[in-house]
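J.: next input, structure requested:
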Amino acid sequence: MTAPSLRKNYLYTVVVQLVSMLSPLVTAPYVARVLGSDGVGTFSYVQSVATVFSLFAALGLSAYGLREVSRARNAPEAVSRLFWELTLLRFGTTSLTLVLYALLCLWVGDWRLYGVMGLLILATGLDLTWFFQAMERFGTLMLRHLAVKVLGVVLIFVWVRDEGDVAVYALIQTGTTLLSNLLLWPRLRGLVGRRPTCRPLSHLRPSLVYFVPAIATSVYTVLDKTMLGVIARDMAQNGYYESAHKIIRLLMAVLTSLNVVVGVRTSYLFGQNREGEVRAHLMDTYRFMCALAFPLCGGLMACGNGFAVAFFGPDFAAAGGMLTWFAPLLFIIGTSNVLGSLYLTPGGYRRLSNRAIITGAAVNLVLNLLLIPRFGGYGAVAASVAAETAISALYLRFTHSFLSAVRLLRVAGRYALYGAAVFAVAWAMARGMPPTLLTVLAQTAVGATVYAVLLILFRDPVWDVWQNLRKGGDTP
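T.: Residues are numbered from 1 along each chain as shown. Next up, the predicted model:
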C-alpha cells in the first residue's frame, strides 16, 4: 500500500488550522465588544466546566483509537472491529456523562447556558476525527471543517447582538461543533464494514492510559479558567485570560499541524520497526516547529500589548500583558508536542508521558492556588508557563536515549537568536507609537522581513526540511 503524501496531508491540516485561526480572528473583536469582558468570561467559565465533563465522555479514546487504527490500517477487518468497539465504548461513556451533567444543571439552576453547553459533550461522543486522521483522510476533514466554520462565523454576526446573548453565542459554538462531527458519519462508507462481534469493554483499561494525561492536562488548560472564576470571583479576569489564551491556542494549532500528520505516520513506522525513519521525521519536524515558534514568540512579546488593544478593544488592555507572558509557550508546548506526538505516544511510551503530564498538573495546581488570589489572571498565566516548562524538561529527559536533548536544544538555540532579532526590531519600532492595528501590522511586516533575511543569509537548513518530509511521505 502506497503511503499518502505527508506534504498533501500537512497542507490539508494547515488549511484546517488556518480556518480555525481566521474564524475566531474575524469574530473575536466583534464578540469582545458586544459581550464585553464579563460576557466573554462567563462563556469561558461555563465552557471550562462542560469541557471537563467532555473529557470523561472521551475517556482518552481518541488518542488511543488513532494509534491503534493507524497501526492496523492495512487490515480492513481489524480496522472495522476497532472502529465499532471504540465507538460503542464512547457511546456508553458519553451517555453516562450526560446524565451526570444533567444533575449539575439541576444543581446550578441555569438550564439556558449550562444546557446549551451540554451539546459539547454530545459532540464529543459523536466525534470521528480520530478515525479519519488514523486513515490519513485529511482532505475529508478539511472540507467538512471549512463549511461549518463559515456557517458559524455568519451565525455569530447575525444572531449575537448584545451583551445578553451569551447563551446564543454558546449555542452557535457548540451547535456547529456537533454539526461538524455529524457530517463525518456518512463518509464512513467504504472505510468500515458492518458491525462484527466485538468486545468494546476490552479497550476500557488501555484507553485509561490516555485518559489520565487528558485529565491532568485539563488542570492547566481548562481548570485554570474554572479556578479563576471560583477564586478570583471576577469574570472580567476570566475574559482577559480567555482572550489572551485564545490567541496562543490559535497559533499553537498551526505549529502542531505537522505533528498530527507525522504522528500518524510514525505510529505506522513504529509498527514496521523502521525507527531510523522515525528519528529523521522527528528531527525534521522539531526544526520546522522551532523555525515557526521563535519568530512568533518574539513578535508576540513585542506586539502583545498593542495587539490586544487594537484587536479586542481598549477594555481588554490587560489581555495584552497576559499575551506577552504567554508567548514562550509557543516553543515550550511545541517541544513537548513534537516529542510526545512523534515518539512517546506512537512508540508505546505513554506511561512516561503520563508521568510528565501529572507532574506538570501538580505544579500548575499548586501555583494556581498560590498565585491567583494575589495576581488574578497573571497568576494563572505564570502557573501555566511553569507547568509546561516542567513537562517539556521531562520529555527531553525521557527521549534523550532516542534523540539527544543536547542536539535538539542546539537546534532551538539557533532559532532563538533569530527570534530575539525579530523581538528587538519589532519592539524598537513600537516605541512612541500608538497601540493601533497599523502599528501592529508595521511591526509584523518588518519582523517577518528581518527573519526571512536571516534565514537566507545563513542558508538555514529549514528549507530542506520540506523536501525531506515530502520525500518521506511519498514513499511506501
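
J.: now the nearest residue to Thr129 once chain neighbours are set aside: how far from Met289?
T.: Once flanking residues are discounted, Thr129 sits nearest to Leu141: 6.4 Å by CB to CB, 6 or more residues apart in numbering. Placement of C-beta: from N, CA and C, glycine included. Distance, Leu141 to Met289, by CB to CB, to the nearest Å: 21 Å.

J.: also Leu25?
T.: In terms of CB to CB, Leu25 sits 22 Å off from Met289.

J.: and for Val406?
T.: Taking CB to CB, one finds Val406 at 18 Å from Met289.

J.: what about those two, which has more around it?
T.: Met289 (24 against 9; other CB atoms under 10 Å).

J.: can you tell me, leaving aside adjacent residues, what's nearest to the more buried one?
T.: With CB to CB, 6+ apart, the residue lying closest to Met289 is Gly334, at 4.5 Å.

J.: run a quick neighbour tally on the one you found.
T.: Neighbour tally, Gly334, other CB under 10 Å: 27.

J.: tell me the pLDDT at it?
T.: If you check Gly334, the pLDDT there is 91.

J.: please apply the same query to Pro213.
T.: Per the predicted model, pLDDT is 68 at Pro213.

J.: same for the helix or strand where the residue nearest to Thr129 lies, what does it pack against?
T.: Using DSSP states H and E, the element containing Leu141 is helix 138-159. Counting contacts by 3 or more CB pairs under 8 Å, 6 or more residues apart in numbering; DSSP states H and E, helix 138-159 packs against helix 6-58, helix 129-134, helix 166-182.

J.: distance of Trp111 relative to Asp165?
T.: 17 Å.

J.: so for these two, which sits in the more crowded spot?
T.: Asp165 (18 against 13).

J.: so the more buried one makes contact with Val34?
T.: Yes: between Asp165 and Val34 there is a contact under CB atoms under 8 Å: 7.2 Å.

J.: next, show the common contact partners of the two.
T.: Overlap of the contact sets of Asp165 and Val34 (by CB atoms under 8 Å, 6 or more residues apart in numbering) is empty.

J.: so where's the stretch 251-400 of the chain shaky on pLDDT?
T.: In the predicted model, the stretch 251-400 of the chain carries pLDDT under 70 at residues 258-265, 267-268, 271.

J.: would you map the helices across it?
T.: Ranges of helices in the stretch 251-400 of the chain, per DSSP state H, counting those that start in this stretch, are 257-271, 275-312, 317-326, 329-339, 350-375, 377-398.

J.: out of the ones you listed, nearest to Ile156?
T.: helix 275-312 (15.3 Å; CB to CB).

J.: now that closest one, how far from the centre of its chain.
T.: Between the centre of helix 275-312 and the centre of its host chain there is 13 Å, according to CA atoms, centre = their mean, to the nearest Å.

J.: can you check stretch 164-174 too?
T.: Using CA atoms, centre = their mean, the offset of stretch 164-174 from its chain centre is 22 Å.

J.: could you pull up the mean pLDDT of it?
T.: 93.

J.: name the next helix or strand downstream of the host helix or strand of Leu66, please.
T.: For Leu66, the host element (DSSP H and E) is helix 61-72. Helices and strands here follow DSSP H and E; after helix 61-72, the next one along the chain is helix 76-108.

J.: is Gly298 in contact with Ala426, as I believe?
T.: Yes: in this structure Gly298 lies within contact range of Ala426 using CB under 8 Å: 7.0 Å.

J.: report the set of residues contacting both of these two.
T.: By CB under 8 Å, 6+ apart, the residues touching both Gly298 and Ala426 are Gly447.

J.: now stretch 123-140: how far from the chain's centre is it?
T.: That offset, for stretch 123-140, works out to 16 Å (CA atoms, centre = their mean).

J.: that one: which residues count as buried?
T.: Residues of stretch 123-140 classed as buried by neighbour count (16 or more other CB atoms under 10 Å): 123-138, 140.

J.: do stretch 138-150 as well
T.: For stretch 138-150, by 16+ other CB under 10 Å, it's Phe138, Thr140, Leu141, Met142, Arg144, His145, Val148, Lys149.

J.: nearest to Ala317, of the residues you listed?
T.: Lys149 (28.8 Å).

J.: double-check that closest one against Leu25; I have them as touching.
T.: No: taking CB under 8 Å as the definition, Lys149 is not a contact partner of Leu25, at 11.6 Å.

J.: I figured Asp80 hits Leu188, correct?
T.: If you look again at residue 80, you'll see it is Ser, not Asp. No: with contacts counted by CB under 8 Å, Ser80 stays clear of Leu188, the gap being 9.9 Å.

J.: the more surrounded of the two?
T.: Ranked by neighbour count (other CB under 10 Å), Ser80 and Leu188 place Ser80 first, with 19 against 15.

J.: quick one: contacts for that one?
T.: So Ser80 contacts Val192, Gly193, Arg194, Arg195, Pro196 (CB under 8 Å, 6+ apart).

J.: closest one to His245 out of those residues, please.
T.: For the contacts of Ser80, the nearest to His245 is Val192 (36.7 Å; CB to CB).

J.: next, count neighbours for the closest one.
T.: 19.

J.: check it and give its pLDDT.
T.: For Val192, the model assigns a pLDDT of 86.

J.: could you check how far it is from Ser80?
T.: Taken as CB to CB, the span from Val192 to Ser80 is 5 Å.

J.: what does Pro435 give?
T.: Taken as CB to CB, the span from Pro435 to Ser80 is 56 Å.

J.: one more: Ser257?
T.: 29 Å.

J.: next one: Lys246
T.: With CB to CB as the criterion, Lys246 and Ser80 are 39 Å apart.

J.: and if you look at Ser404?
T.: 41 Å.

J.: next one: Leu35
T.: Applying CB to CB to Leu35 and Ser80 gives a distance of 45 Å.
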